[in-house]
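K.L.:
Build me a structure from this.
(chains A and B)
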Amino acid sequence: MRNTRATRLLFELSQPGRRATRFPASDVPEQPLDDLLPASHRTETPPDLPELAEPDLVRHFANLSTLNMSVDTHFYPLGSCTMKHNPKRNERLASLPGIVNLHPYQPESSLQGMLQLLFELQQMLAEIAGLDAVSLQPAAGAHGELAALLVAAAYFRERGEKRTKVLVPDSAHGTNPASATIAGFDAVTVRSTPQGFVDVADLESKLDDDVAVFMITNPNTLGLFDRQIADIAAKVHARGGLIYLDGANMNAILGIARPGDFGADMMHFNPHKTFSGPHGGGGPGAGPIAVREMLAPYLPAPVVVKRGERYALDYDRPRSIGRVRSFFGNTGVLVRAYCYLRTHGPDGLKRVSENAVLNANYLLSRVKHILPVPQGDRCMHEFVATAADLKSSKGISAMDIAKRLLDYGFHAPTVYFPLTVRESMMIEPTETESKDTLDRFAETLFRITEEPADLLHEAPHTTPISRPDEVRAARQPVLRWSAATQGAES
Amino acid sequence: MPYVFNTPEDQRQMLAAIGVGSIDELFSLVPAELRLQRPLEIPPAMSELELTQHVSALAAANRSTDQRVCFLGAGSYDHFIPAVVDYVGSRGEFYTSYTPYQPEVSQGNLQAFFEYQTLICQLTGMDVSNASLYDGGSAATEGVLMSMSATRRHRRVVTAASVHPEYRAVLSTYLRSLGAELVTVGTPEGTTAPDDLAAAVSDETACVLLQQPNFFGCLEEMETLVEIAHRAGALVVASVDPISLGLLKRPGDYGADIVVAEGQSLGSPLSYGGPFLGIMAVREELVRRMPGRITGETVDRRGRRCWVLTLQTREQHIRREKATSNICTNQGLFALRATVYLASLGPRGLGEVAELSLRKAHYACDKLAATDRVSPVFERPYFKEFVVRDVDGHVAELLAAAERAGFFAGVPLGRWYPELADCFLVAVTEKRTRDEIDRLADCVAHAQSEACSLHA
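P.N.:
Next up is the predicted model:
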């Protein structure tokens, strides 16, 4: 049972003299501190940290944890985030001492198991992508986008081509244009058609010899597979440009279609989505990238190679873009992805996508009468419904529905993204939900739309807090605790 | 198919409800010619038992820091992790939750991030912290990018050779794409010489990136260096070891504008280099240029104190190509671990870790220097790491002999500093015992003799 009152801040719980962790006395010969460290470098006062006993900490954080929804406790139909079950075996195996207690600068000879695992992961990701070479270094999907765009820039630089533009559909994730800018390109927006696909005429009007890369999410952010992809890729390739595939939606097509086969030259994976790595409250993720052969020399170093029976780190990559992260990468996330891929194998992976798509289409068929899906009655692993009609007829917004769902024990869908659909609700059930859960979710949606609008405007009603004042948070930012603001405690 | 619910009967009912005959029909959106006509060529599925045996065998093929006494540092450190950190970090309500986009059902994460931000400010003496970035290297790079936009000086950045070479490599990758110049001040004596820095900065310099303690473990004269940078109108990005702040001056006290750090030492395992925790804290006036997520306090509609993600107009999902950074995620779980770690140690515990590391490092340096085989390289005050030179000039052989005897004795420096090819970097944390240090010194003294391998 949840202790909803135990939410004072650590700093308010602090009592001088308490402590949870103490360390042994020094076992080396005592020397005056001044001899070891000149006083000019030392602080005069210890850091102003809170003082707590272990029971304080355990109760505090155990109770805080109950204020979160999570995949372990709730259905999270958060479109494009792919909140699937996080297998417990992966957590156990990623925590083995022989996996987790490895230093990044250990000798290669002491890392053969880890390097084998990473090498095999590189190979599996290349095969799933239908591309030739993989770097595991990027620390997140957006980081992978940036790394791949830098790879493209290096490729064009070496060819003596000055290409300055990256084309990005208006329906793309916000990271796409941001990454293009950081990579030194000008991001140019390409319109979508009312059906949600790339407006090829608009693309063609912007496609010139300055275009380095066209970034596309396919399946796209409406949960649809853009059938024009091969044609689009041909057009971009004909002008000497490259295709980047945002891999956020790979859960729909594992073993069914490969980006490399439908024209992508580069892509990133989101192992925390597609390969079930836990999201950890927003991180860590990882963002491995796969590229076509001609781009391989530019990948960040090191990559894992196999020389005879030994695995080694290859740093000797003179054409590499350099590093995008210190050390090897987010190995802990990669180990979980490896475990996931080895658990499923080729048939299992395909069935993951089949069931993700089945669940999404089933849920779509159950909710489209209540919340229309403007882009049709078929989808891949997610779909975008709209509350625009409810908004005009009853004054019920997508946000109202999202907030009311929380009262019924469901996390809200992604709302107001993509930007191309009004009052949008992007729903992704994933393959790890049952028909029963999907039925209950659909019934709850229906029930909510029958409820009085006033009740919904004030929802949620059962959560620990309701409708925080976000304007105040932004206009009068309070970004840390201080003794002066202690009086604000509820 | 261990994670899929749908039975054949479920599938039949669902397909009927959708109005299609087969799952394959659902994929009609994907043109037939673009469909893969064969199974993926990846290894076949494994049961949990088989996978456990397989991954355990891979793990056993490594030698971990449980099997070798670890004197490796260079940016990731073998500090002790209290059990309460693992307990909190392994609660599913934390590690399987998502970004707190719905604050009503994410107060646990949001409050923990707010507590993290406060702890980082307390530790660094800065005004504002974000809720974490990827790692120390990308935090340093983001700090530099922020300085460029804050000063509107987009051409030139200065750093020191004593900053972690991989952080500088990451920075150089980013700066090249933005067409900015990276000037590196050499540090042949182990620290940045004020005159050399003064010669490198100009009124075109956006910022100076420094590290304290630096990559060699030495302490830089930060007050002097900060003053030089500020005199030229440049900002100072200081990359620090958070553990050292149990003992050393706070960056806020010596005038740093942006503080970045690798937070792995604060309760996260080595994990072969990742995931780690990028810390960033800044002066108040820089907050709206800061990348990453920030949690703020507010009240809900009934006046209850609560927390939300705030100042999101800086971020990529709103600003798109005008965003301050392309960073989308944070390292929530590792920020949580750092929060628990710092709260568990408190001011005195952190002081103890810092002081034990310092004392043992100095003991180790003295013991090693007393052997005929190695000698300390830099005569500068240092914290928990130091550089030694193999007087025989056979670093690889010496480290290999030490490893056979049960030690990861140090990180060879030749990969990054050709002039230090006969040197290695030794790190000592509070976990190392006098006995381990004595045995390492003994092994180094007798390397290539029978005695060394007998100690294993």
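K.L.:
which intervals of chain B have sub-threshold pLDDT?
P.N.:
B:1, B:449-456 (pLDDT under 70).
K.L.:
partner strands of the lengthiest strand in it, parallel or antiparallel?
P.N.:
Assignment by DSSP state E gives strand B:205-212 as the longest strand of chain B. Sheet pairing of strand B:205-212 (DSSP bridges) gives strand B:156-160 (parallel), strand B:235-240 (parallel).
K.L.:
And the shortest one, how far out from the chain middle?
P.N.:
In terms of Cα atoms, centre = their mean, to the nearest Å, the gap separating the centre of strand B:156-160 from the centre of its chain is 21 Å.
K.L.:
distance of B:Thr187 from chain A?
P.N.:
Counting by Cβ to the nearest Cβ, to the nearest Å, the gap from B:Thr187 to chain A is 17 Å. To be clear about C-beta, it is placed using only N, CA and C from the backbone, and glycine gets the same treatment.
K.L.:
Likewise for B:Arg283?
P.N.:
12 Å.
K.L.:
tell me, how many neighbours does that residue end up with?
P.N.:
For B:Arg283, the neighbour count with other Cβ atoms under 10 Å in any protein chain shown is 17.
K.L.:
returning to that earlier point: which neighbouring elements make contact with the helix or strand following the longest strand of chain B?
P.N.:
Next along the chain after strand B:205-212, taking DSSP states H and E as the criterion, comes helix B:222-231. Applying 3 or more Cβ pairs under 8 Å, 6 or more residues apart in numbering or on different chains; DSSP states H and E, one finds that helix B:222-231 makes contact with helix B:194-200, strand B:205-212, strand B:235-240.
K.L.:
Run through who's touching the shortest one.
P.N.:
Yep, that's strand B:235-240 we're talking about. Residues outside strand B:235-240 that contact it (Cβ atoms under 8 Å, 6 or more residues apart in numbering or on different chains): B:124, B:136, B:139-140, B:143-144, B:147, B:150-151, B:163-164, B:167, B:206-212, B:222, B:225-226, B:229-230, B:248, B:251, B:254-262.
K.L.:
Extract the CA atoms of it and return them as CSV.
P.N.:
C-alpha atoms of strand B:235-240 as CSV (Å, rounded to 0.1, in the frame of the first residue of the first chain):
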residue,chain,number,x,y,z
LEU,B,235,33.8,31.6,-20.5
VAL,B,236,35.3,28.7,-18.5
VAL,B,237,34.0,25.2,-18.9
ALA,B,238,35.4,23.2,-16.0
SER,B,239,35.3,19.4,-16.2
VAL,B,240,35.7,18.0,-12.7
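K.L.:
Which strands and helices lie in contact with the next helix-or-strand element following it?
P.N.:
Counting by DSSP H and E, the next helix or strand C-terminal to strand B:235-240 is strand B:258-262. In this structure, strand B:258-262 packs against helix B:136-151, strand B:235-240, strand B:278-282, with contacts taken as 3+ Cβ pairs under 8 Å, 6+ apart.
K.L.:
Strands of the stretch 251-400 of chain B, residue ranges please.
P.N.:
Here the stretch 251-400 of chain B has its strands, by DSSP state E, counting those that start in this stretch, at B:258-262, B:278-282, B:295-299, B:305-309, B:374-376, B:385-390.
K.L.:
does the fifth one come close to chain A?
P.N.:
I take that to be strand B:374-376. No - with Cβ under 8 Å from any Cβ of the partner chain as the measure, strand B:374-376 is seen stopping short of chain A, the closest distance being 13.7 Å.
K.L.:
Looking at the stretch 351-456 of chain B, which residue is nearest chain A?
P.N.:
Nearest residue of the stretch 351-456 of chain B to chain A: B:Tyr363, at 3.8 Å (Cβ to the nearest Cβ).
K.L.:
who are the neighbours in contact with that residue?
P.N.:
A:Val28, A:Pro29, B:Val428, B:Arg434, B:Ile437.
K.L.:
Could you measure from the third one over to B:Gly92?
P.N.:
To tie it back to what came earlier, the one meant is B:Val428. Here B:Val428 is placed at a distance of 36 Å from B:Gly92 (Cβ to Cβ, to the nearest Å).
K.L.:
cool, and the second one?
P.N.:
As for A:Pro29, its distance to B:Gly92 is 47 Å (criterion: Cβ to Cβ).
K.L.:
More neighbours: those two, which one.
P.N.:
Neighbour count, other Cβ under 10 Å: between A:Pro29 and B:Gly92, B:Gly92 has more, with 17 against 10.
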